[in-house]
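Participant: 3D, please:
(chains A and B)
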Amino acid sequence: MRKQKRITNKARLRKALAIPALVLGIAASPVVGQVEGGKLVLAQSANPPSLDAMTSSSETARNINMNIYEPLVAIDENVNPIPMLAKSIEPSDDLLTYVFPLRQGVLFHNGKEMTAEDVKASLERYREVGATRGMLDKVEEIEITGDYEVTFHMSEATPTFIEGFSSPRAPAVIIPAEEAAKPANEIEIIGTGPFKFVEFVPDDHVTLEKFADYVPNEDFDGPTGFGGKKTAYLDSAVFRIIPEAGARIAALEAGEVQWADQIPVPAAKRMSSDDSLNVYEARQWAFLTFIMNWNLPPTDDVNFRRAVLYAIEPEEVMAIATEGFYDLNHGWQYPGRTYNAGDIGKEIYEGAHIDKAKEFLAKSDYDGEEFLILTDPNYAEHSRAAVVLAEQLKPIGINAVVKQLDWATVLKIRLTDEGWNGWTLMQGLEPFLGPYGIAAKMRGDQTHMRGTADVFEESYNRLITGKTVEDRQKAFAEIQTAIYDLVPQIKIGDVGRMQAGSARLKGFKPFRAPRLNDIWLED
Amino acid sequence: MTVEATVPDISASRAWVAHLKQGLGTAARHRSIQVGGALFGFIVLLAIFADLIAPFDPNKNNFRALLSAPDAVNIFGTDAFGRDILSRVIHGTRLSLLVGLLVVVATGVLGVIVGTLTGYVRWLDGPVMRVMDGLMAFPGILLAIALAAVLGPSVTNAALALTITFTPRTARIVRGSVLVLREMPYVEAAKACGASHARIVLKHILPNALPPLIVQLTFVFSVSILAEAVLSFMGVGPPPPTPSLGNIIAEGRSYIQEAPWVALMPGIAIAMTVLGLNIIGDGLRDTLDPRLRNL
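Facilitator: Numbering: from 1, shown residues only, chains lettered A, B, ... in the order given. Alright, predicted model coming up:
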């Protein structure tokens, strides 16, 4: 019989509270003086592409979905996996089995109690439609081993499985079994979270309201990350879609919204002296990246992609795209993180190498055709980076053309082989969660670059199955080497994020998505 | 004996050329046209010689001078890319005038063709003008935004969208004039003498229908410049980094409190251009409209 060790909620929370927050400098802390009721209005820049949480890895969807749905395993404030709808996580010693006893009495928004049947149906659906379904690749079978227990049987020991499974990027949320039988984006929006869906008016707003029958996780003393013991104080919340930053700021300053995302840096500096507002600053928010389409000329040619890589001057792009709130970093992990691969690629990254770029361009089959840079105005960093990149590529003879469309359209186009060569994208959660998300988007059938190479597949496999940290570090270093050689994506730099809220908004702590639980509005 | 020889020379080409010369001479002496012409002429010269006059490349980024206030080097300041706003405004004005000119020429030609045909050929009037009425029923700028959004962002598409928007209005004015003119005694006389339809339209009706059209086209020109700015502001104008007055303002709106010069300078350029055109239009109306000529 396999020995199993039990990872409990209390133990996880103690660990979470003991370790200082590494990323945002914030840890869960007890709060007092909460006010019940009220409507919170939040402003974000774009529509959620989908409220079917499994199918979208978009930030604008996650902002909303993480308040409606919950997964079996979530992350805490320090990005450690913690049980959420699971009572505990019980891996066998050989890591070939994971038992997940479930919390009992958890209700869906339709009033039905969550059981093992819902969990199995949801995760089987995730295998079909999940935007990051690769994280379940090593799960051979999901077995119902009790009314309130499921067991995962793994095809191979995968030490990093729970870390990947807890990812909120496109979260493996639990929905009622009858909804899980439906295709992608055709479900009723029903979860177990502290807020339930009311309406979505595209280009205008999404309304949520407090789920009065929410069953908090009493194994925790308070909220942490996307898990813990959550309490809803607000009656309702409205996410307003306001694409233009100036309009978001005006709405915040006029009191029409009480929280706004993506505040331009000059405005944030001005607002920080306003006592009626709070400005929240997160330095390591995302990687600004430039992704290239491997299935469309001229970017199907590795020499052309290398020419682009060598022609780019990252500092200029970062300074303009982020309004000065950036760090130059060639690495595909943040400095100081366990999987940071050191100086690999640093020499290429530091400044433009025009002669080398021209050399690669001459080796390629490029014949002056348009190099389409896909971007959107909803994330100012994306569009500004695209404009600067285009200007940097023209002097070496690349006919770069900026193709600016709205965010939702961009997300559809980039899933096709046509209509784009390059795509400016901030990747936030991938590096936040460690190396797996970054590596996962370069292997399998859902790569950013519409293709892959054996080296990405093999190194990823070693990354997730490596027995020791050193094995896994080596695998990630191979991936970073391949990125600078085959150029699926180009790392431009690390981007910060400014958010702001009314001083009436209390208890708010910035995280990867605004958490509506445990915050309230003072009168 | 030929018909041509017997047609009385009531309003023949020489007469209306002389009339036009007289009108232009009067116009040139009109104070409004002089003031508007000077203002608009200055802007046109800036646009034509933009490559020589603009102090910097309008698309040249400078990340060490982001949102710099106006100073001796960058007289209008710089934008969020560190680009010189004066240079971008000059090049943006060129693009705005180009769009305005394209729209004026296209709406002028199409308006004259549609207006003349519907005014002169009675059976065409009903069906064609109902189509024009249908187009006019849509708010002009909304129609232009929709068309530009469907056709994609480019200078040509912006001009095409505005042409479709303004042609019905121009056609309606020409049609109105033609409806009146075709009943005039000299047209009746020409018909009685056996003049062809083409001759009647080209020699007797059209020259007299032009004055209100010219005034209307100055209005179309100025409204097209404003509409192009709106389209660019909405993101359906020329794609970045091409400068247009509208997209410079759009880029500046996020910094309206911290760097007001980004939106202010192109705003002033639009105001000056449209003001110049409107003053010219007023002067032309005063000069060409017989009812106002002696006021």
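Participant: rest of the way, CA atoms for contacts and neighbours
Facilitator: Will do.
Participant: Quick one: classify A:Glu90 as helix, strand or coil.
Facilitator: Reducing the assignment at A:Glu90 to three states with DSSP: H, G, I helix; E, B strand; the rest coil gives strand.
Participant: Look up how far A:Pro83 lies from it.
Facilitator: Taking C-alpha to C-alpha, to the nearest Å as the measure, A:Glu90 falls 10 Å from A:Pro83.
Participant: The two: which has the busier surroundings?
Facilitator: Neighbours per residue (other C-alpha atoms under 10 Å in any protein chain shown) separate A:Glu90 from A:Pro83, with A:Pro83 holding more: 28 against 19.
Participant: who's the more buried one bridged to?
Facilitator: A:Val73 (DSSP bridges).
Participant: shouldn't it be in contact with A:Val73?
Facilitator: Yes - between A:Pro83 and A:Val73 there is a contact under C-alpha atoms under 8 Å: 4.5 Å.
Participant: Return the residues in contact with residue 266.
Facilitator: You didn't pick a chain, so chain A it is. If you count contacts by C-alpha atoms under 8 Å, 6 or more residues apart in numbering or on different chains, A:Pro266 has them with A:323, B:255, B:258.
Participant: actually it's chain B I care about, not the one you picked
Facilitator: Contact analysis of B:Pro266 by C-alpha under 8 Å, 6+ apart lists B:89, B:245-246, B:248-249.
Participant: Those in strands, which ones?
Facilitator: Per DSSP state E, strands hold no members of the contacts of B:Pro266.
Participant: List just the nearest of the residues you listed to A:Asp343.
Facilitator: Among those, B:Ile248 lies closest to A:Asp343 (C-alpha to C-alpha), at 40.1 Å.
Participant: Could you give the number of residues near the closest one?
Facilitator: The tally of other residues near B:Ile248 (other C-alpha under 10 Å) stands at 27.
Participant: now B:Val131
Facilitator: B:Val131 is flanked by 12 other residues according to other C-alpha under 10 Å.
Participant: Ok, A:Gly222 next?
Facilitator: Applying other C-alpha under 10 Å, we find 19 residues neighbouring A:Gly222.
Participant: Quickly note the distance from the nearest residue to it once chain neighbours are set aside to chain B.
Facilitator: Among residues not flanking A:Gly222 along the chain, A:Lys229 sits closest, at 4.6 Å (C-alpha to C-alpha, 6 or more residues apart in numbering or on different chains). Noted for A:Lys229: a distance of 39 Å to chain B, by C-alpha to the nearest C-alpha, to the nearest Å.
Participant: could you list every residue that touches A:Lys229?
Facilitator: Counting by C-alpha under 8 Å, 6+ apart, the residues that A:Lys229 touches are A:216-223.
Participant: mind running it again at 10 Å?
Facilitator: If a contact means C-alpha atoms under 10 Å, 6 or more residues apart in numbering or on different chains, then A:Lys229 has A:84, A:215-223, A:517-518 as its contacts.
Participant: So what does it look like in phi/psi?
Facilitator: A:Lys229 adopts backbone torsions of phi -90, psi 110, taken as degrees, to the nearest 10.
Participant: Need the pLDDT of it.
Facilitator: A:Lys229 carries a pLDDT score of 97 in this model.
Participant: Same check on A:Lys112?
Facilitator: Residue-level confidence at A:Lys112 comes out at 97, pLDDT.
Participant: still on that earlier bit, from the contacts of A:Lys229, list the buried ones, please.
Facilitator: Buried by 16 or more other C-alpha atoms under 10 Å in any protein chain shown: A:84, A:215-217, A:219-223, A:517-518, out of those.
Participant: for those residues, which one is nearest B:Val215?
Facilitator: Among the buried ones among the contacts of A:Lys229, and counting by C-alpha to C-alpha, the member closest to B:Val215 is A:Asn517, at 63.2 Å.
Participant: was I right about that closest one contacting A:Tyr214?
Facilitator: No - assessed by C-alpha atoms under 10 Å, A:Asn517 is found out of contact with A:Tyr214, at 11.1 Å.
Participant: Quickly list what's touching both of those two.
Facilitator: By C-alpha under 10 Å, 6+ apart, A:Asn517 and A:Tyr214 have these common neighbours: A:193-195, A:230-232.
Participant: contacting residues for A:Ala311?
Facilitator: A:305, A:348-349, A:351-358, A:361, A:389, A:392-396, A:398.
Participant: Among those, name the ones that also lie close to chain B.
Facilitator: For chain B, the contacts drawn from the contacts of A:Ala311 by C-alpha under 10 Å from any C-alpha of the partner chain are A:Gln392.
Participant: Just the pLDDT for the residue of chain B found nearest chain A.
Facilitator: Proximity of chain B to chain A (C-alpha to the nearest C-alpha) peaks at B:Ser254, 4.1 Å away. If you check B:Ser254, the pLDDT there is 84.
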